[in-house]
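J.: Need a 3D model of the following:
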Amino acid sequence: MSTDGRNDWAPLAAETAEEVRAYFAALEGVAAGETPESALPVLLLALGQLSATGARLGALVDVVPVERFEPDSGPEEDLERIRVALHQLLGGLDAYCDLADPVVSVEVVSGSLAADLVSVAADLSHGLQHHDAGRPTEAMWWWQFSYLSSWGERAAAALRVLLTLMAHVRLDADDEEVMEAEMAALHQV
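T.: Below is the predicted model of the structure:
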């Protein structure tokens, strides 16, 4: 570790960058329509793993950047094509209801799963730009700050929606089909 703090966060920043890249790869794959039948499980897994990384960021002591002002990380990545592709893929499953702030409000708001997934990616992309430019402390600061201020909440909301969708897909079976499957299984013994 350096005495000026420039490399203190480098190992954890490298691990976080790997998780961010894995999330991006999953998002790109699903948005490209590579395997639409596995879109929900892939998104659930990718977002769950990323949320664990985020929880680690949130639990850390505050990351303090070396410089007082954020260096320019370059142009923001345009993620609109991914949001549109996810929205089209999800169709009627994209919109959901949520609480504006579950701690201080009972106001119900509407959300978009595609928009949440892309919002998370946008925040992560900004930090990844700092990491790839050789500024691991700045990357960690951005990832931690944006986790606590925006992407952590959006990821949690999207994760809840994905889990709920998976539960409906897997558990909302027609009673008659379930009975037939049970009977078939009994007769195979």
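
J.: Could you list the low-pLDDT ranges of the chain?
T.: By pLDDT under 70, the weakly predicted segments of the chain are 1-7, 67-77, 173-175, 177-189.

J.: so the nearest residue to Ala17 once chain neighbours are set aside, which of the three states?
T.: Closest residue in space to Ala17, ignoring its immediate chain neighbours: His131 at 4.7 Å, by Cβ to Cβ, 6 or more residues apart in numbering. Every residue, glycine included, has its C-beta placed from N, CA and C. Here His131 is recorded as helix under DSSP: H, G, I helix; E, B strand; the rest coil.

J.: for Cys97, same thing?
T.: On the basis of three-state DSSP, Cys97 is classed as strand.

J.: I'd say it and Leu113 touch.
T.: No. With contacts counted by Cβ atoms under 8 Å, Cys97 stays clear of Leu113, the gap being 11.8 Å.

J.: residues in contact with Ala10?
T.: Pro136 (Cβ atoms under 8 Å, 6 or more residues apart in numbering).

J.: which residues in this protein form helices?
T.: Secondary structure of the chain, counting by DSSP state H: helices at 10-31, 39-59, 80-90, 113-132, 136-146, 152-171, 175-187.

J.: which of the ones you listed sits most buried?
T.: Counting by mean count of other Cβ atoms under 10 Å, helix 136-146 has the highest mean neighbour count of these, with a mean of 24.

J.: That one vs helix 152-171, what angle?
T.: 70 degrees (axes from the mean of the first three to the mean of the last three Cα atoms, to 10 degrees).
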